[in-house]
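Peer 1: Here is a sequence together with a model predicted from it:
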Amino acid sequence: MIISIASGKGGTGKTTVATNLAVSIGSHVQILDCDVEEPNCHLFIRPAIEETRTVTTPVPEVDEKKCNLCGKCAEICQFSAIIVLGETVLSFHELCHSCGGCMEVCPENAITEVPRELGIIETGHRNGLEFVHGKLRIGEAMSPPLISEVRSYTRADILTIIDAPPGTSCPVIGSMKGADFVLLVTEPTPFGLHDLKLALGAVRILGIPCGLVINRSDMGDHRVRDYAKQENLPVLMEIPFDRQIAEAYSRGEMAVEVMPEWKNRFLALYHRIEEIVE
Ligand code: SF4
Ligand code: SF4
């Protein structure tokens with residue numbers, strides 16, 4: 001089973017839920033941190049990293065000696081990542097989506113692919129918990145290919161928990177697609193409600209069953225709960241504001257480490273998800 005943990009906005013407690021859930025389950029589970037722009041599951045999981053590898057994507061390089069300036073490459077590129085300007089062909093690697101179209105249509109075989117670094121992937125373990133995350137290269141804007149690489153570590157024989165990036169754009173969709181369940185995390189504030197509506201809209205388009213965790217549930221107002229009821233979105237867990245949890249978070253510790261009673265609450269959350277998926 002694949003559970004993707006998502007939220008419309010950052011700072012709602014998504015990583016708290018993902019890491020505490022994974023550590024509570026403990027074995028036969030992997031956590032994939034797909035928030036590649038700002039991965040932070042490792043700060044709490046503290047895995048022993050065993051392997052680091054660089055991820056690249058192919059981008060075009062034009063041999064000007066072979067090029068006849070026909071412009072076919074620029075015509076097919078939907079991202080304006082390659083253009084003919086006067087007597088030269090310019091390619092903008094940071095705009096390229098690596099579709100290979102320009103290379104296919106070039107009549108002179110003037111285009112070859114060269115690798116462009118996107119970031120790194122690190123894998124490791126914490127006891128029986130398998131850990132994978134991606135770190136996007138600083139200045140890199142193209143996160144979906146790195147997210148796909150992180151997701152390629154998904155194992156069919158164990159539970160996969162994905163920590164998705166915040167928001168509702170391509171990287172989030174890439175982190176939710178193919179999941180069996182999406183757990184949305186929000187807080188009961190007007191901002192939380194606004195972004196929950198966007199996130200739920202995206203999940204419903206993908207047609208994935210979902211549920212809600214309300215973090216800092218004793219703050220804010222009732223509108224998130226009213227909205228969940230109106231949308232038949234089951235509230236699977238509420239986490240009230242707790243100074244002990246907040247202090248543990250600031251030290252890079254998880255709620256289940258400092259307050260072991262939370263382990264049963266996260267296990268109950270997992271069993272409710274199992275029931276819904278089944
Ligand atoms: S590989 Fe695709 S996206 Fe990149 S420059 Fe060529 S046509 Fe454009
Ligand atoms: S398609 Fe090939 S030959 Fe034509 S402009 Fe592009 S690189 Fe040059």
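Peer 2: Here it is on my side, so go on. Ligands and ions are numbered 1, 2, ... in the order given.
Peer 1: CA atoms only for the helix or strand of the chain with the lowest mean pLDDT - export them in PDB, please.
Peer 2: The helix or strand with the lowest mean pLDDT-type score in the chain, counting by mean pLDDT, DSSP states H and E, is helix 243-250 (a mean of 86). What follows is helix 243-250 as a C-alpha-only set of coordinates in PDB (Å, rounded to 0.1, in the frame of the first residue of the first chain):
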ATOM      1  CA  ARG A 243       4.000  22.300  24.200                       C
ATOM      2  CA  GLN A 244       5.800  19.000  24.700                       C
ATOM      3  CA  ILE A 245       5.300  18.000  21.000                       C
ATOM      4  CA  ALA A 246       6.300  21.500  19.800                       C
ATOM      5  CA  GLU A 247       9.500  21.500  22.000                       C
ATOM      6  CA  ALA A 248      10.400  18.000  20.800                       C
ATOM      7  CA  TYR A 249       9.900  19.100  17.200                       C
ATOM      8  CA  SER A 250      12.300  22.000  17.700                       C
END
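Peer 1: Which SSE is immediately downstream of the helix or strand where Leu21 lies?
Peer 2: Leu21 is part of helix 14-25 when elements are defined by DSSP states H and E. Sequence-wise, the next helix or strand beyond helix 14-25 is strand 29-33, with elements assigned using DSSP H and E.
Peer 1: Can you give me the pLDDT of Phe44?
Peer 2: If you check Phe44, the pLDDT there is 95.
Peer 1: and the gap between it and Lys229?
Peer 2: Distance of Phe44 to Lys229, computed by C-beta to C-beta, to the nearest Å: 32 Å. Glycine gets a C-beta too; all of them are placed from N, C-alpha and C.
Peer 1: now the end-to-end length of stretch 76-96.
Peer 2: With C-alpha to C-alpha, to the nearest Å as the measure, stretch 76-96 spans 12 Å from end to end.
Peer 1: in it, what's buried?
Peer 2: Cys77, Ala81, Ile82, Val84, Val89, Ser91, Cys96 (16 or more other C-beta atoms under 10 Å).
Peer 1: May I ask which two of the residues you listed are separated the most?
Peer 2: In terms of C-beta to C-beta, these reach their longest pairwise distance at Val84 and Cys96, which sit 15.7 Å apart.
Peer 1: picking that back up, would you turn the buried residues of stretch 76-96 into JSON lines with distance to ligand 1?
Peer 2: Formatted as JSON lines, the entries for the buried residues of stretch 76-96 read as follows, by distance: C-beta to the nearest ligand atom, whole Å:
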{"residue": "Cys77", "distance to ligand 1": "3"}
{"residue": "Ala81", "distance to ligand 1": "4"}
{"residue": "Ile82", "distance to ligand 1": "4"}
{"residue": "Val84", "distance to ligand 1": "12"}
{"residue": "Val89", "distance to ligand 1": "10"}
{"residue": "Ser91", "distance to ligand 1": "6"}
{"residue": "Cys96", "distance to ligand 1": "3"}
